[in-house]
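A.B. asks: What shape does this take:
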Amino acid sequence: MAAIRELFERHGLRCTRQREQIYEALACTTSHPTADELYQAVRASEPGLSLATIYNTLDAFAECGLVRRFSCPSGSGPSRYDADVTEHVHMALRDGRLLDLPQDLSGQLLANIPPSALKELERRLGVKVAGISIQVLAEPIQSGSGGAAS
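C.D. replies: Okay, the predicted model is just below:
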């Protein structure tokens with residue numbers, strides 16, 4: 001828990017037992033849980049915890065850059081959260097799940113973004129690119145549709 005307290009301090013967050021438990025539960029999973037899923041995971045060890053506290057805590061974490069929030073690609077589902085804030089690629093599935101791409105594939109996709117395109121983006125929009133977030137939208141392959149190319 002000392003590492004979490006130090007992390008909160010670096011991000012300017014007040015450290016509470018509930019925040020520590022919420023962050024630890026999020027950091028220990030790669031399932032990119034929703035607020036409700038995180039609530040279900042944490043409430044057994046923290047019975048007084050409310051769903052509102054989960055939402056408020058996740059908002060605070062996302063605002064200071066401690067976690068990333070991903071909106072549902074369809075626009076009608078709950079947001080998902082990731083404590084891994086390193087640049088990596090996600091795959092969004094139709095059922096709402098969000099998966100990390102394998103590191104090698106994620107690295108290939110990110111490495112193939114031309115630096116010249118990023119510079120041009122900065123120039124045209126008058127911004128500084130601070131990071132890249134790629135989300136691949138996936139649909140199931142229908143059987144009999146030919147599958148993968150030979």
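
A.B. asks: who's in contact with Val42?
C.D. replies: 21-22, 25, 49, 54 (Cβ atoms under 8 Å, 6 or more residues apart in numbering). Glycine gets a C-beta too; all of them are placed from N, C-alpha and C.

A.B. asks: Quick check: Ser116 vs Leu26, distance?
C.D. replies: To Leu26, Ser116 is 36 Å away according to Cβ to Cβ, to the nearest Å.

A.B. asks: The two: who's more crowded?
C.D. replies: Leu26 (25 against 8; other Cβ atoms under 10 Å).

A.B. asks: Check which helices and strands the helix or strand hosting that one sits against.
C.D. replies: Per DSSP states H and E: Leu26 is located in helix 17-27. In terms of contacts (3 or more Cβ pairs under 8 Å, 6 or more residues apart in numbering; DSSP states H and E), helix 17-27 is packed against helix 2-10, helix 35-42, helix 51-63.

A.B. asks: For the spatially most central residue of the chain, grab phi and psi.
C.D. replies: With distances taken as Cα atoms, centre = their mean, Asp82 lies nearest the centre of the chain, 3.0 Å away. For Asp82, the backbone dihedrals are phi -140, psi 130 (criterion: degrees, to the nearest 10).

A.B. asks: With the flanking residues excluded, which residue is spatially nearest to it?
C.D. replies: Spatially, and ignoring its direct neighbours in sequence, Asp82 is nearest to Arg68 (4.8 Å; Cβ to Cβ, 6 or more residues apart in numbering).

A.B. asks: quick one: His32 and His90 touch, right?
C.D. replies: Yes - in terms of Cβ atoms under 8 Å, His32 counts as a neighbour of His90; the distance is 7.5 Å.

A.B. asks: Identify the contacts common to those two.
C.D. replies: Common neighbours of His32 and His90 (Cβ under 8 Å, 6+ apart) are 70, 82, 98-99.
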